[in-house]
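S.K.: Return a 3D structure for these sequence lines:
(chains A and B)
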2 protein chains.
Amino acid sequence: MTDEEPRRIDTYWRAANYLSVGQIYLLGNPLLREPLTRDDIKPRLLGHWGTTPGLNFCYAHLNRVIKKRDLDMIYVMGPGHGGPAAVANAWLEGTYSEVYPDVSYDEAGMRRLFRQFSFPGGIPSHVAPETPGSIHEGGELGYSLAHAYGAAFDNPDLVVACIVGDGEAETGPLAASWHSGKFLDPVKDGAVLPILHLNGYKIANPTVLARIPEEELVQLLDGYGYMPFLVTGDDPASMHHKMAAALDQALDEIAEIQQGARSGRTSERRRWPMIVLRSPKGWTGPKEVDGLPVENTWRSHQVPLSGVRDDPAHLALLEEWLRSYRPDELFDGAGRPVEEIRAQAPVGERRMSANPHANGGLLLKPLVLPDFCDYAVPVDAPGKAVTEPTRQLGTFLRDVIRANPSNFRIMGADETASNRLNAVFDATDRVFQGELLPTDEHQAPSGQVMEVLSEHLCQGWLEGYLLTGRHGLFNSYEAFVHIVDAMFNQHAKWLKVTRALPWRRPIASLNYLLSSHVWRQDHNGFTHQDPGFLDVVMNKKPEIVRVYLPPDANTLLSVGDHCLRSRDYVNVVVAGKQPALDWLSMDEAIAHSTRGIGIWEWASTDGGADPDVVLACAGDIPTLETLAAVDLLRQLFPELRVRVVNVVDLMRLQPPSQHPHGMPDRDYDALFTTDKPVIFAFHGYPYLIHRLTYRRAGHDHLHVRGYKEEGTTTTPFDMVMLNDLDRFHLVMDVIDRVPSLGGRVAHIRQRMADERLRLRAYTREHGQDAPEIQNWTWPH
Amino acid sequence: MTDEEPRRIDTYWRAANYLSVGQIYLLGNPLLREPLTRDDIKPRLLGHWGTTPGLNFCYAHLNRVIKKRDLDMIYVMGPGHGGPAAVANAWLEGTYSEVYPDVSYDEAGMRRLFRQFSFPGGIPSHVAPETPGSIHEGGELGYSLAHAYGAAFDNPDLVVACIVGDGEAETGPLAASWHSGKFLDPVKDGAVLPILHLNGYKIANPTVLARIPEEELVQLLDGYGYMPFLVTGDDPASMHHKMAAALDQALDEIAEIQQGARSGRTSERRRWPMIVLRSPKGWTGPKEVDGLPVENTWRSHQVPLSGVRDDPAHLALLEEWLRSYRPDELFDGAGRPVEEIRAQAPVGERRMSANPHANGGLLLKPLVLPDFCDYAVPVDAPGKAVTEPTRQLGTFLRDVIRANPSNFRIMGADETASNRLNAVFDATDRVFQGELLPTDEHQAPSGQVMEVLSEHLCQGWLEGYLLTGRHGLFNSYEAFVHIVDAMFNQHAKWLKVTRALPWRRPIASLNYLLSSHVWRQDHNGFTHQDPGFLDVVMNKKPEIVRVYLPPDANTLLSVGDHCLRSRDYVNVVVAGKQPALDWLSMDEAIAHSTRGIGIWEWASTDGGADPDVVLACAGDIPTLETLAAVDLLRQLFPELRVRVVNVVDLMRLQPPSQHPHGMPDRDYDALFTTDKPVIFAFHGYPYLIHRLTYRRAGHDHLHVRGYKEEGTTTTPFDMVMLNDLDRFHLVMDVIDRVPSLGGRVAHIRQRMADERLRLRAYTREHGQDAPEIQNWTWPH
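M.R.: Have a look, this model is predicted:
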């Protein structure tokens, strides 16, 4: 560095800190042109100061290296509570005023900037979708590093600086994320520069990593595979020198690793550099308040001076604090940052606050998609031939991978093959930078499939990948996707907010393929049986969430293609991997999945009108049991008028007022009637169907069967019997609810009950389902 | 070790391996007295061989040290898929036949043992509640080490051996769990001995930790604060020596750490020992099948020989494999393990399969509970005075802690003070073994409050603590409890299964206190606003789950006391921390929370009969808004007959057929009527109320307001306005639904709408709620 540089960085840093404190406290008097008065102070003081000066410090230093090296860099801010920092820097760099012209680049804009922060009608207190330059909210902690890696994959020229707070570092997802480097290809991917910020405290507790001996900390980071550079202190002047030196070393290392790998000189995994910044919490803030230490303690976590409006001493301390940054040196007469500060920021898209990677929709290229119809299974007649639906989808995905070698990834927690998407390995490998052995299959230092036994990493990587403008799919066992319930919630919230921000361009949807589902985890048992993710999903904003339950292979292909083309949604597709009957030809599947719901005339016996009973179904196994029940009903009660309704798109059940896919009452009533019994066989917990349909006229006649939390290691058919979803029980349900069947049916009902007992005894004797169950097909 | 010992351990190990393979494959011919035939083989082969020999190896070696040192030890088996190992050892030790006499300790019992495994009507394929000696299912991976530490807390004489699979080690929760040692007090707590089992592969992938250089692995484990002892190899004879030596060293270290700390000689945190066992996956199984390597590859993960019934070559390989353990040397003529093997196992409660800590209900002592009425806030009249409910509960919890110094813990993710349970720090500290500084408050090397910024650790520790017979509470921000949705699911499943196992004694309930809830996260914003955990909870078995929404401080105390006394439930209590109006005196609160639901006559104007409208509410903020709406209605429509129903126990809304707390229709109808409009203000997502009440006669007249996923950083009242839950909107809802109000009310409806606009404008101008909102009290 030149002698001038540290001073310039410090000036920039002071400006960012000043703007941060201003956001937390000030309504007016933004430049302190007048003495501070009570009326200048917000009535409710909301914000997190503690982490903010460290975030600003890193930002200031990263700007130096961006300019010096012309880096393409984005900034992921794990301690997202430090929202004032992100906003302050975006404003300093001019981006904020470009995105929000009313927050202008002058004194009036600064006043508005301050006032809007954590203020009703203004902006949130945390980094949020509203914040330019961010792909990471950081409200719920733990996902910064996974997001950072996700952003770096297939972005060879990008460097993602990722601030990891020492609070966040205690979370499970973050602890696992350190290993992400073993899945990053230095040739094809960009770089992540983690900056572990040890400021020592959380809300009220010290942090673990700040309170272990430095030797132990270094061992840990070495053990994660990094080369840590330590920057420790509290004296700004010397800290600027240390940080600049550490960043130079780290970026030299990154350049060397990338050049070595890309030139073919090195093929072994290298230790990636990282920085450990140990600086005081609430650095440069009040040292002591009311006789208690504040700087460098947990007391600086939120608002260090809380009584400013009522306590003149606090007010004086605040003014002293603000003036310690010497605002008159930082801003010109118009309230604009002085030239020296403006010159510290990079220009145009090199500004981290304006980097297009942080507004991924700007860079989004549509997937090159082969025609999914080319992967159809031939279906001459329904319910005769058998396909493994996810295996079929795998052939389509294989060619999606081939056509999009650096724009599409598949994530999975060691289950991509188990979920029978094996065909993708004809096109790519599982990326892994650890040691490879001859016995490994489809493992390579580069690849478009990512597998690690952490749903958190799969989700976090994919989110980072999508948010920076690419496409992907997360395949999971259905039960274990609950592990990322909280991450899903946060992503859905992010998408919801972006809908109201025209400058955020739409990104590819987050696609879940849930296979190995509740009904076919008979071999793994009760822990693996849980269809409740759908309930979590349905709580989020209707304009964001989509749930599909394709009943067979062709419908899955049609739905899969639709999901890969969509934007700004979370799509959840539940599909089986086990051999299952094909019901629909591709033409029929397209028509059916486009409508999302429909009568299967070929299975119905109501002649298109006036059924005695409606058998509805959603999900592959419920569809199978429903059609097998219809088969029985045809034999038992040839005169009974049965209608079969199959649901692919769960949202269709709702009224249009509740969901954009919702059906008008007239259409719903035309399918389900308003007065006839409806026996609904559902994939998940039955309540979900009730909650979707309770407004419908026919709801009182709706009887739902689904998973009622019964299961163990047993046979597939025993699973449906345990939950009263089996064909015989469905027939019993029909008998119980169709009065026209009259008294003559008691013995038939008993026969059904006996049949269930017989079949249960069969499985207990033979250890598998009876052949007539295993081999049942739709009669022709 | 004597020369004899390794041989004896090997004999025991061979027996355990034989019994494991037998469980996966054999229906009959358990001792191979006849040549193996197709008919001896199960028709469906289900099980996980790969991890099993390693689990058996550790078990055999731990038995040696238990006997040698008279250890009180339990065995937590992270790779729970290795169910055959747990069952095999329990049977070898005689425990299995004691618990399940029909699986006798002889040839007939062995036949049954084999047949029942993964067989309909038998036992699950994984370690499960059915497995004696287990507190850990391991179906969903990641929680073994947290469970192990939870078991060790406040159990000074216990050693918890915890096998961590290298697949599981990739998960976030496990990665975070390594730091648990920093929260374990060597004086008051027992010891955890982690055994990281690197067998190299997951289902289809290599594992991360098995594929990094050994030096890096050791750095990592050093960095986590451990002293790793490495045991590597595949030759059984030399591995027995290495493992025995490593275990002796590790247990010596544990003894020394404990003695040092307990004698006061050392006060610094020491490195706890751990073992890294690197052995082949599927060790001692088939080396090669169909020309492909199996042992030491992912192909041994489940059933290494899959075609045994149809392929004579596979059948021969299986027979060869089984006979390689020399069963004739292992079992006597009656099929009992030979004396040498029996002598290897500890006796009585020293057997890990019979250790009472692994059946915690056996050891459960009821909490010594002070009279919660002593902590009541005086309430002379409803809705006048103000209390912070959780702060009041904190005073009760403080004395619970004092009365139960080694039987009760509070867990929280850095939020115990933020959730205002501060009083507990008068009685105890937050336990932390990291460096302590003078600025720290209520941090000490010992304490009954555990705080770490990981909901996974809080939950996992508490589960381990409860499962070994103690009591506790997990306090969390409401939104972030979603992080442990999956762990909750698994614990609820465990409890459900134990209900059918009389030998498993009831344990203390898992108590969640959710504060900092959706309506009062106005300062933290949208990411912190999510009441959906209730929906996840309500999907589990009704006999397990309980949800309480106490409307004020006294009701919270009453509910809290009830939860701490309960057994085998998951109790979820949602309560505010902000100052809130007191509604009920303690006598009233007890009566109300005992009924779980009731009419608030003092707020109603229907004279005890025939209301025009019912205003129902559940949750503190909905109750506030409802009563404020009633206040308005009284002024606007003095003649309107309003009934107020408050719900504490959400399950009361269900029919008795759906939940044990469910109300009969008659009682429900008496509260809600069958024909009058009901405006229900609910804490969570409104659908939940519909799903609970859809069977009720009056459901068509039920209109629910709740959280509809709208929020940001704003004021508390703006939060309810954003979601149409505010008092003015409730009045509008009444106007819209009570026909008797007639046409004269359009202007009043408009006034309400205008009032909302005025109040929103007020908050946007002043940054806080209008005084009349902030200061509203119930009129007297």
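S.K.: After whichever strand or helix holds residue A:755, which helix or strand is next?
M.R.: Counting by DSSP states H and E, the element that carries residue A:755 is helix A:746-766. Next along the chain after helix A:746-766, taking DSSP H and E as the criterion, comes helix A:771-774.
S.K.: does any bit of that following helix sit next to chain B?
M.R.: No - with C-beta under 8 Å from any C-beta of the partner chain as the measure, helix A:771-774 is seen stopping short of chain B, the closest distance being 11.0 Å. Quick note: C-beta positions are derived from backbone N, CA and C, even for glycine.
S.K.: mind exporting that helix as CSV, just the C-alpha atoms?
M.R.: Provided in CSV are the C-alpha atoms of helix A:771-774 (Å, rounded to 0.1, in the frame of the first residue of the first chain):
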residue,chain,number,x,y,z
PRO,A,771,-49.1,-61.6,-5.6
GLU,A,772,-52.5,-60.3,-6.4
ILE,A,773,-51.5,-57.0,-4.8
GLN,A,774,-48.1,-56.9,-6.4
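S.K.: Around chain B, which positions in the stretch 451-600 of chain A sit nearby?
M.R.: So the stretch 451-600 of chain A meets chain B at A:451-454, A:456-457, A:479-480, A:482-483, A:485-486, A:489-490, A:493, A:496-497, A:523-528, A:530, A:532, A:535-536, A:538-541 (C-beta under 8 Å from any C-beta).
S.K.: could you redo the last one with a cut-off of 7 Å?
M.R.: Within the stretch 451-600 of chain A, the residues that sit near chain B (C-beta under 7 Å from any C-beta of the partner chain) are A:451-454, A:456, A:480, A:482-483, A:485-486, A:489-490, A:493, A:496-497, A:523-528, A:530, A:532, A:535-536, A:539-541.
S.K.: likewise the stretch 651-780 of chain A?
M.R.: A:685, A:687, A:690-691, A:694, A:709, A:712-715, A:718, A:763-764, A:766-768.
S.K.: could you redo the last one with a cut-off of 10 Å?
M.R.: On the criterion C-beta under 10 Å from any C-beta of the partner chain, chain B has as its neighbours in the stretch 651-780 of chain A the residues A:658, A:684-695, A:697, A:699-700, A:702, A:704, A:707-715, A:717-719, A:760-769.
S.K.: closest point of the stretch 351-500 of chain A to chain B, which residue?
M.R.: For the stretch 351-500 of chain A and chain B, the shortest gap (C-beta to the nearest C-beta) falls at residue A:434, measuring 3.2 Å.
S.K.: Might one say that that residue is in contact with residue A:183?
M.R.: Yes - taking contacts as C-beta atoms under 10 Å, residue A:434 lies within contact range of residue A:183: 9.0 Å.
S.K.: what residues are shared contacts of the two?
M.R.: A:445, B:208 (C-beta atoms under 10 Å, 6 or more residues apart in numbering or on different chains).
S.K.: Tell me how many other residues surround the nearest residue to residue A:423 once chain neighbours are set aside.
M.R.: Leaving aside its sequence neighbours, residue A:423 sits nearest to residue A:394 (C-beta to C-beta, 6 or more residues apart in numbering or on different chains; 3.8 Å). Other residues lying near residue A:394 total 25 when counted by other C-beta atoms under 10 Å in any protein chain shown.
S.K.: related to what we said a few turns ago, name the helix or strand for the residue of the stretch 351-500 of chain A closest to chain B, please.
M.R.: Here residue A:434 sits in a region with no helix or strand, counting by DSSP H and E.
S.K.: Contacts only, for it.
M.R.: A:179, A:182-183, A:225, A:269, A:440, A:443, A:445, B:206-213.
S.K.: Buried among these? Make that a PyMOL selection.
M.R.: A single PyMOL command selects the buried members of the contacts of residue A:434 (16 or more other C-beta atoms under 10 Å in any protein chain shown):
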select buried, (chain A and resi 179+182+183+225+269+440+443+445) or (chain B and resi 206+207+208+209+210+211+212)
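S.K.: circling back to that earlier point, pull the contacting residues for the nearest residue to the residue of the stretch 351-500 of chain A closest to chain B once chain neighbours are set aside.
M.R.: Nearest non-adjacent residue to residue A:434, counting by C-beta to C-beta, 6+ apart: residue B:211, 3.2 Å away. Neighbouring residues of residue B:211 by C-beta under 10 Å, 6+ apart: A:182, A:269, A:432-437, A:440, A:443, B:166, B:198, B:200, B:205, B:217.
S.K.: Nearest to residue A:775 among the residues you listed?
M.R.: residue B:205 (35.0 Å; C-beta to C-beta).
S.K.: where does that closest one land on pLDDT?
M.R.: Note on residue B:205: pLDDT of 93.
S.K.: Verify the stated contact: it with residue A:430.
M.R.: Yes - contact criterion C-beta under 10 Å: residue B:205 and residue A:430 qualify, at 6.4 Å.
S.K.: Give the residues shared as contacts by these two.
M.R.: Both residue B:205 and residue A:430 are contacted by A:412, A:414, A:416, A:417, A:440, A:441, A:442, A:443, A:451, A:452, under the criterion C-beta under 10 Å, 6+ apart.
S.K.: returning to what we had before: just the residues of the stretch 451-600 of chain A next to chain B: which are in strands?
M.R.: Counted as lying in strands by DSSP state E, out of those, are residue A:451.
S.K.: tally of neighbours for the residue in the stretch 501-650 of chain A that chain B sits nearest to?
M.R.: Closest approach of the stretch 501-650 of chain A to chain B (C-beta to the nearest C-beta) occurs at residue A:527, with a separation of 2.6 Å. Using other C-beta under 10 Å, residue A:527 has 28 neighbouring residues.
S.K.: That one: what's it in contact with?
M.R.: Residues in contact with residue A:527 (C-beta under 10 Å, 6+ apart) are A:479-480, A:521, A:711-713, B:80-81, B:124, B:126-128, B:137-141, B:489-490, B:493-494, B:497.
S.K.: What of residue A:294?
M.R.: Shown in contact with residue A:294 (C-beta under 10 Å, 6+ apart): A:49-50, A:281-282, A:285-288, A:300-301, A:304-305, A:317, B:439.
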